[in-house]
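S.K.: the sequence and its predicted three-dimensional model are supplied below.
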Amino acid sequence: MLKVGRGAVVPPFMVMDVIAAANARQAALGDRRAVIRMEVGQPGTGAPAGAVAAASAALRAGLPMGYTEAMGRASLRARIARHYRDCYQAEVDPARVAVTVGASGAFPLAFLAAFDPGDRIAMASPFYPPYVNILASLGMQPVLIEAGPQTRFQPSIAALERLDPRPQGLIVASPCNPAGTMLHPEELAAIGAWCAAEGVRLISDEIYHGLHYEAPVATAAGIPGAVVINSFSKYFSMTGWRIGWMVLPPDLLRPVECLAQNHVISAPHIAQVAAEAAFECAAELDANVARYRRSRDLLRAALPAAGLELATPAEGAFYLWADISRRSNDSREFAARLLAEADIAASPGVDFDRGRGARYVRFSYCGPEADMAEAAARIAAWRG
């Protein structure tokens with residue numbers, strides 16, 4: 001019998017299974033009724049017009065779409081660095097920027113560059129499932145910090161102090177998936193200082209920056225030793241273009257470059273052209289955010305009225321983390337019934353929190369605004 005590597009034995013990313021189930025349900029329904037897609041964080045708006053136009057113009061002009069440098073096109077790296085100056089008043093050398101195949105392609109590069117097999121990497125639970133699954137596939141040990149509403153499901157210094165032994169790394173996400181909460185600027189600064197004092201490498205997932213509604217957002221780009229990961233998928237609405245970036249500390253620049261050269265060669269050339277143009281589309285993108293806010297506000301009223309209590313204030317991203325315990329103690333079964341009976345696809349909480357997730361469901365509200373309004377009406381009428 002042929003061997004299968006241990007790195008391949010990881011749990012599925014359950015959201016992808018829900019996508020398949022929702023596709024099957026839609027095929028069964030045909031044109032009779034639409035399945036409302038609330039299972040995945042994929043904006044319903046599509047890439048901004050300026051990004052599409054730039055890509056189209058480059059193709060019409062015959063721009064060769066070959067490999068770029070492993071760290072990305074120089075002009076895109078410079079534009080990303082300017083973004084940090086414009087948005088955060090943070091000076092970032094373009095040489096510290098690595099363009100990646102989405103944020104999903106950035107995480108393995110960061111983990112391989114910063115850690116060794118056996119290293120312990122901490123994160124708050126609930127968490128984005130691929131953090132744990134990628135770490136496990138690389139032979140690293142996820143360390144889960146059970147977080148609750150008292151800290152908005154974010155890690156606290158008190159919780160970090162209880163980690164013994166200290167981990168080699170810490171992943172934070174702000175705004176976070178699935179809870180939609182943020183580390184406020186003073187909290188991120190305190191965590192960065194703790195990591196520096198304890199010799200812990202900070203990995204800051206900032207892919208939902210730009211999608212924050214009340215509180216200000218902060219970046220870890222100025223924290224010594226930190227790795228920042230971002231993406232064009234969420235605020236920039238470019239999921240299928242598979243383009244993201246990292247801001248790296250000096251000691252990881254060459255390691256990440258060598259890993260990228262060997263693992264991916266480069267991010268797609270045409271996606272880099274489009275991504276650079278997307279920075280000039282703020283008016284269109286901010287209008288998308290305004291739509292997300294309206295959908296959030298509508299659903300924040302509709303879900304509790306239907307017996308689904310909101311566990312967090314939904315400060316950012318485009319997710320609602322709903323406590324379903326008044327109606328079910330099995331989020332997988334609940335999500336399956338919601339799809340079968342109300343034609344709404346949502347993600348069971350066990351994908352994000354293996355201990356407490358049976359009582360939670362994540363609803364994504366970044367789909368078309370009319371769909372989110374229809375979802376509110378269907379949930380109100382559903383008595384499953």
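M.R.: Arrived safely, thanks for sending.
S.K.: average pLDDT for stretch 265-275?
M.R.: For stretch 265-275, mean pLDDT is 98.
S.K.: can you give me the offset of it from its chain's centre?
M.R.: Relative to its parent chain, stretch 265-275 has a centroid offset of 20 Å by CA atoms, centre = their mean, to the nearest Å.
S.K.: and if you look at stretch 67-74?
M.R.: Taking mean C-alpha positions (CA atoms, centre = their mean), stretch 67-74 and its chain are 24 Å apart.
S.K.: contacts for that stretch?
M.R.: By CB atoms under 8 Å, 6 or more residues apart in numbering, the list of residues contacting stretch 67-74 from outside reads 77, 94, 97-100, 245, 256-257, 260-261, 264-267, 269, 272-273, 276. C-betas here are computed from N, CA, C, even on glycine.
S.K.: and if you look at stretch 210-222?
M.R.: With contacts defined as CB under 8 Å, 6+ apart, stretch 210-222 is touched by 84, 88, 90, 92, 172, 174-175, 182-185, 188-189, 192, 202, 204, 206, 209, 226, 228, 234-236, 247, 285, 289, 292-293, 296, 314-318.
S.K.: turn the buried ones among the residues you listed into a named PyMOL selection, would you?
M.R.: This is the PyMOL syntax for the buried subset of the contacts of stretch 210-222, where burial follows 16 or more other CB atoms under 10 Å:
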select buried, resi 84+90+92+172+174+175+182+183+184+188+192+202+204+206+209+226+228+234+235+236+247+285+289+292+293+296+314+315+316+317+318
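S.K.: quick revisit: could you list which of the contacts of stretch 67-74 belong to strands?
M.R.: Val97, Ala98, Val99, Thr100, Trp245 (DSSP state E).
S.K.: give me the beta-bridge partners of the fourth one?
M.R.: Meaning Thr100. Gly244 (DSSP bridges).
S.K.: and it, how many residues sit next to it?
M.R.: For Thr100, the count of nearby residues is 29 (other CB atoms under 10 Å).
S.K.: show me the helices in the protein, by range?
M.R.: 14-29, 49-60, 74-88, 102-114, 129-137, 157-161, 185-198, 253-263, 269-278, 282-305, 331-342, 369-381 (DSSP state H).
S.K.: out of those, which is closest to Arg37?
M.R.: Distance to Arg37, taken as CB to CB, is lowest for helix 14-29 among these, at 6.3 Å.
S.K.: alpha carbons of the closest one, in PDB - could you do that?
M.R.: C-alpha atoms of helix 14-29 as PDB (Å, rounded to 0.1, in the frame of the first residue of the first chain):
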ATOM      1  CA  MET A  14     -16.000  23.100   6.100                       C
ATOM      2  CA  VAL A  15     -17.100  26.300   4.400                       C
ATOM      3  CA  MET A  16     -16.000  24.800   1.100                       C
ATOM      4  CA  ASP A  17     -18.300  21.800   1.800                       C
ATOM      5  CA  VAL A  18     -21.200  24.200   2.500                       C
ATOM      6  CA  ILE A  19     -20.500  25.800  -0.900                       C
ATOM      7  CA  ALA A  20     -20.800  22.400  -2.600                       C
ATOM      8  CA  ALA A  21     -24.100  21.700  -0.700                       C
ATOM      9  CA  ALA A  22     -25.500  25.100  -1.700                       C
ATOM     10  CA  ASN A  23     -24.600  24.600  -5.300                       C
ATOM     11  CA  ALA A  24     -26.400  21.200  -5.200                       C
ATOM     12  CA  ARG A  25     -29.400  22.800  -3.600                       C
ATOM     13  CA  GLN A  26     -29.500  25.500  -6.300                       C
ATOM     14  CA  ALA A  27     -29.200  22.900  -9.000                       C
ATOM     15  CA  ALA A  28     -32.200  21.100  -7.600                       C
ATOM     16  CA  LEU A  29     -34.200  24.300  -7.300                       C
END
